[in-house]
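Visitor: here you go, sequence then predicted model.
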Amino acid sequence: NAGVMQNPRHLVRRRGQEARLRCSPMKGHSHVYWYRQLPEEGLKFMVYLQKENIIDESGMPKERFSAEFPKEGPSILRIQQVVRGDSAAYFCASSPTGETGEQYFGPGTRLTVT
Amino acid sequence: GDSVTQMEGPVTLSEEAFLTINCTYTATGYPSLFWYVQYPGEGLQLLLKATKADDKGSNKGFEATYRKETTSFHLEKGSVQVSDSAVYFCALRGRGSARQLTFGSGTQLTVLP
């Protein structure tokens, strides 16, 4: 059973460009969470999605950030007009249901904005 | 809101030394508690968990006990190995409708041979 997959693993963008980060949850998991890890810090929750629904986006910045989890295909975290402060590691996690606290994490996408 | 406070690192130990990483939390009700480990360049792996007071989570020689009275979940290992070198994160998941994990800032552990 493949784990949570994220791609790309490393992404370099210039200021003002768009970044798209993809996450494929574990097989059978329909709940996806995105977290951001700034240098020397712990992970901060961004958004929680189920298929075709955003359940909780309380951790998402109000502007430039959006997320989706379509019926088919991976979950996408999209950052428009990136700035240097967006440089971070972005981790996706999945769980089989929303009730369990056990989330399985992907390897992360390390975004660098130049 | 919920929060997790972890012992600041970095922590450097010799092989076979005893390890304690302190973790305390603030949350409404009785959250579930977790320790995750992150090896260099990788994502987080669940190390152990406890879902109610006095539960002891254990895995790979690591242990942590859910202490409601002190709101703590300290991580311990009796004899560390070089391969235990990693960053350790304490986390909680609240009992309410929120499903996300709240993490501490992480503790970098380096074990020297």
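Guide: Noted; the coordinates are in hand.
Visitor: distance between stretch A:47-60 and the chain's centre?
Guide: The gap between where stretch A:47-60 is centred and where its chain is centred comes out at 10 Å by C-alpha atoms, centre = their mean, to the nearest Å.
Visitor: so which residues of the chain form strands?
Guide: Just going to use chain A. Counting by DSSP state E, chain A has strands at residues A:5-7, A:10-13, A:19-24, A:31-37, A:43-50, A:53-56, A:65-68, A:75-79, A:88-95, A:104-105, A:109-113.
Visitor: looking at chain B here, not the other one
Guide: Counting by DSSP E, chain B has strands at residues B:3-6, B:11-14, B:19-21, B:23-26, B:32-38, B:44-50, B:56-59, B:62-65, B:75-77, B:86-93, B:102-103, B:107-112.
Visitor: okay, the ones you listed in a markdown table with mean neighbour count and mean pLDDT next?
Guide: Every C-beta, even on glycine, is put in place using the N, C-alpha and C of the backbone. Formatted as a markdown table, the strands of chain B follow (neighbours: other C-beta atoms under 10 Å in any protein chain shown; pLDDT from 0 to 100):
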| stretch | mean neighbour count | mean pLDDT |
| --- | --- | --- |
| strand B:3-6 | 18 | 94 |
| strand B:11-14 | 14 | 96 |
| strand B:19-21 | 17 | 97 |
| strand B:23-26 | 19 | 96 |
| strand B:32-38 | 24 | 94 |
| strand B:44-50 | 20 | 94 |
| strand B:56-59 | 14 | 96 |
| strand B:62-65 | 20 | 98 |
| strand B:75-77 | 20 | 98 |
| strand B:86-93 | 24 | 94 |
| strand B:102-103 | 22 | 92 |
| strand B:107-112 | 17 | 96 |
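Visitor: turn those into a markdown table, including distance to chain A.
Guide: Formatted as a markdown table, these follow (distance: least, C-beta to the nearest C-beta, whole Å):
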| stretch | distance to chain A |
| --- | --- |
| strand B:3-6 | 8 |
| strand B:11-14 | 15 |
| strand B:19-21 | 13 |
| strand B:23-26 | 11 |
| strand B:32-38 | 4 |
| strand B:44-50 | 4 |
| strand B:56-59 | 12 |
| strand B:62-65 | 15 |
| strand B:75-77 | 15 |
| strand B:86-93 | 4 |
| strand B:102-103 | 4 |
| strand B:107-112 | 9 |
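Visitor: mind putting the ones you listed into a markdown table with distance to A:Tyr48?
Guide: Output for those, formatted as a markdown table (distance: least, C-beta to C-beta, whole Å):
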| stretch | distance to A:Tyr48 |
| --- | --- |
| strand B:3-6 | 18 |
| strand B:11-14 | 32 |
| strand B:19-21 | 27 |
| strand B:23-26 | 20 |
| strand B:32-38 | 16 |
| strand B:44-50 | 16 |
| strand B:56-59 | 24 |
| strand B:62-65 | 25 |
| strand B:75-77 | 26 |
| strand B:86-93 | 12 |
| strand B:102-103 | 13 |
| strand B:107-112 | 26 |
